[in-house]
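>>> could you work out the structure for the sequence below:
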Amino acid sequence: MRLKGFTAVAIAAVVSVPGTPVRAQDVQLPTYTPEQRWERAAYEALWWQAAIVALGREKGMTAEEVGRFAGELFAPGWLGGAEGLQLLRGFYRNFMALPGAEVEVVGDTPTSVTARFNRPMDALLAPGASTMGVTRAELDAMARATDAVIAEWVGVGLERRADGDHDVLTFTTEYGPIRAGDEIRWSRSSYLSWLTALQLMSLQMASGLSAREVGEADAKLYGPGWTARTPWQLYRGMVWNWMTDPDTHCETLSASPTEVRARCALAYRQVVEQNQERFNVTVQDVFESGRAFASGVADQLGMQWTETLDGEYRVITVTKQ
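Model prediction:
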């Protein structure tokens, strides 16, 4: 079987001959256009799909069963209770990842929308062909099953029919249950919590407080509730609070009974920058306030908290005073 487009990966091998040193500047790597890189990414996506079907076959699963399994994994990432047009837009966004993808809306009613999808997969793997022992028909069956599970999850009726070298899909609003997976709910909860925090900080700063003074005031209010007795306990407690944001990631650099050094990703940058104009609060303001809060709590517990910015990370040191 021969795939269209890229048929092989050219790998340049540099052989070191005794007595002939190889210099790094002698090694030349090829350059690719964005279109070539896009096409290559599409082929790799195709091969991964084939690998998943092949793995499922070894487990006794049909391509349709593999597709339903994948759909059950992906579906909770979609918000349920969608209307037909909303699901079409979601499918359209994913479909356009394929080079040559085209979608045309050919009809709509107050509760449904019909769109015509071309078949860009034909340029990667022709109908009737196979790759890694997986046929194009099996890949199509997997994709259809995945789409069906997602449509069922979001509460939208999905009908599909062939029209020459296109597929025509009709999305019908069924006013299904409004539901979402835990990751979406967590992200939404975190986002709303950040909006509340930014609004409160905006009001405090509008009253004349600096970002640092906002953090100091919060430390006076909440500090008495902290019971940490070691630098590790204090750092751990702070991270526990930050973990309400799913983007929080911290790395411990060193730890002992008297000192902890760590760095944490600047998880809040995106949400703060998105809402900076609305609340007039900057990333630096949030950093200053958070540092003042942690430092104030540490001081009440007989410890010292220092924090600096290093690119996209907050570098933290907690010590016993």
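
>>> quick one: end-to-end length of stretch 129-138, please.
For stretch 129-138, the first-to-last residue distance is 10 Å (CA to CA, to the nearest Å).

>>> do me a favour and average the pLDDT over that stretch.
On average, the pLDDT along stretch 129-138 is 93.

>>> give me the contacts around it.
Applying CB atoms under 8 Å, 6 or more residues apart in numbering, the external contacts of stretch 129-138 come out as 1, 3, 46-47, 50-51, 53-54, 57, 63, 121, 125-128. (Each C-beta comes from the backbone N, C-alpha and C, glycine too.)

>>> out of these, who's nearest residue 299?
Nearest to residue 299 among those, counting by CB to CB, is residue 51 at 55.5 Å.

>>> tell me how many other residues surround the closest one.
Counted with other CB atoms under 10 Å, the neighbours of residue 51 add up to 13.

>>> again, but for residue 83
20.

>>> check what pLDDT it gets.
Residue 83 is assigned 97 on the pLDDT scale.

>>> so who does it touch?
Taking CB under 8 Å, 6+ apart as the test, what residue 83 contacts is 111, 156, 173.

>>> buried among the residues you listed? Make that a ChimeraX selection.
Buried residues among the contacts of residue 83 (16 or more other CB atoms under 10 Å), as a ChimeraX selection:
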select :156,173
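
>>> ok, the least confident helix or strand in the chain by mean pLDDT: who's next to it in the sheet?
Here the helix or strand of the chain ranked lowest by mean pLDDT, DSSP states H and E is strand 130-131, holding a mean of 92. Looking at strand 130-131 with DSSP bridges, its partner strands are strand 134-135 (antiparallel).

>>> so which of the contacts of residue 83 belong to strands?
Cross-referencing the contacts of residue 83 against strands under DSSP state E gives 156, 173.

>>> any chance of the contacts of residue 83 in TSV, plus pLDDT and distance to residue 70?
Shown next, in TSV, are the contacts of residue 83 (pLDDT from 0 to 100; distance: CB to CB, whole Å):
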residue	pLDDT	distance to residue 70
111	97	28
156	97	18
173	98	24
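
>>> just the closest of the contacts of residue 83 to residue 268, please.
Taking CB to CB as the measure, residue 268 lies nearest residue 156 of the contacts of residue 83, at 34.1 Å.

>>> that closest one and residue 81 touch, don't they?
No. Contact criterion CB atoms under 8 Å: residue 156 and residue 81 do not qualify, at 9.4 Å.

>>> mutual contacts of the two, please.
Taking CB under 8 Å, 6+ apart as the criterion, residue 156 and residue 81 both touch residue 176.

>>> thanks again, I'm all set now.
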